[in-house]
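Q: Using only what follows, build the 3D model:
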Amino acid sequence: MKYFLIAALLILNFRVRAQQNDLFKQINTHIENALDKYYKPDTDSVRKYCRIGTVFAKFEVNKEGAICNVAFSDRSPRFITDALTKAFDLFHRDVELISMLKKVSKPVMLPFLYYYKKGCNLPDGSLTTKKADTEKFWETYVKSTADLDHTAETVERMLRFDGKELFAIDCILLSPFTVAETNPMY
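A: Presented below is the predicted three-dimensional model:
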């Protein structure tokens, strides 16, 4: 009898976990679709920007179904957070998404990966026989690429929102959403 009870509890636990995973997958899919539709960063900013990084966006849904308590990891690019805020404000159009988020009643954390390299002015790597040109190429290349990737920096700050550091968070951590705008040479 004791083993039967343990087996029944385990089966019930697996069933609940499977339902939760299905719900989280649906939430993730709805958010990805909404961001595909509503995330519209300032085109001039994207054209001039030269960075790779991650913005951690955190938000909740209140009882009325409105997105609230939106926060972004510290030192996130303003044009990205502005565009994400506008996109989140339009999530209410997806009634099914809002219903699912109300059901789980936890904060949502979205890792938003960006590869914006249209503004990069990296040397083209043309072959030259002049030593000075080769040195200048590598100096420019190293300097440019050293400031390009900020992914590790943002991961280190992933729990710092609005100047306040959290040491843990009970939330739904979604799969990363990725955007890219690059020059043809990359």
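Q: For F88, see how far away Y49 is.
A: 21 Å (C-beta to C-beta, to the nearest Å). Any C-beta I mention is one placed from the backbone N, CA and C, and that applies to glycine too.
Q: ok, V104 - contacts?
A: Residues counted as contacts of V104 (C-beta atoms under 8 Å, 6 or more residues apart in numbering) are L23, F24, I27, I172.
Q: where's it relative to L23, distance?
A: 7 Å.
Q: and what of A180?
A: Separation of A180 from L23 (C-beta to C-beta): 29 Å.
Q: Between these two, which has more neighbouring residues?
A: L23 (15 against 12; other C-beta atoms under 10 Å).
Q: Surely that one is within a strand?
A: No - secondary structure of L23 (DSSP: H, G, I helix; E, B strand; the rest coil): helix, not part of a strand.
Q: Show the backbone phi and psi for the closest residue to it other than its chain neighbours.
A: Among residues not flanking L23 along the chain, M100 sits closest, at 6.2 Å (C-beta to C-beta, 6 or more residues apart in numbering). The phi/psi pair for M100 (degrees, to the nearest 10) reads phi -70, psi -40.
Q: Report the contact partners of M100.
A: Going by C-beta under 8 Å, 6+ apart, the list of residues near M100 reads L23, Q26, I27, H30.
Q: thought the third one was touching C171?
A: Translated: I27. No - taking contacts as C-beta atoms under 8 Å, I27 lies outside contact range of C171: 11.8 Å.
Q: list residues touching both of the two?
A: Both I27 and C171 are contacted by V108, under the criterion C-beta under 8 Å, 6+ apart.
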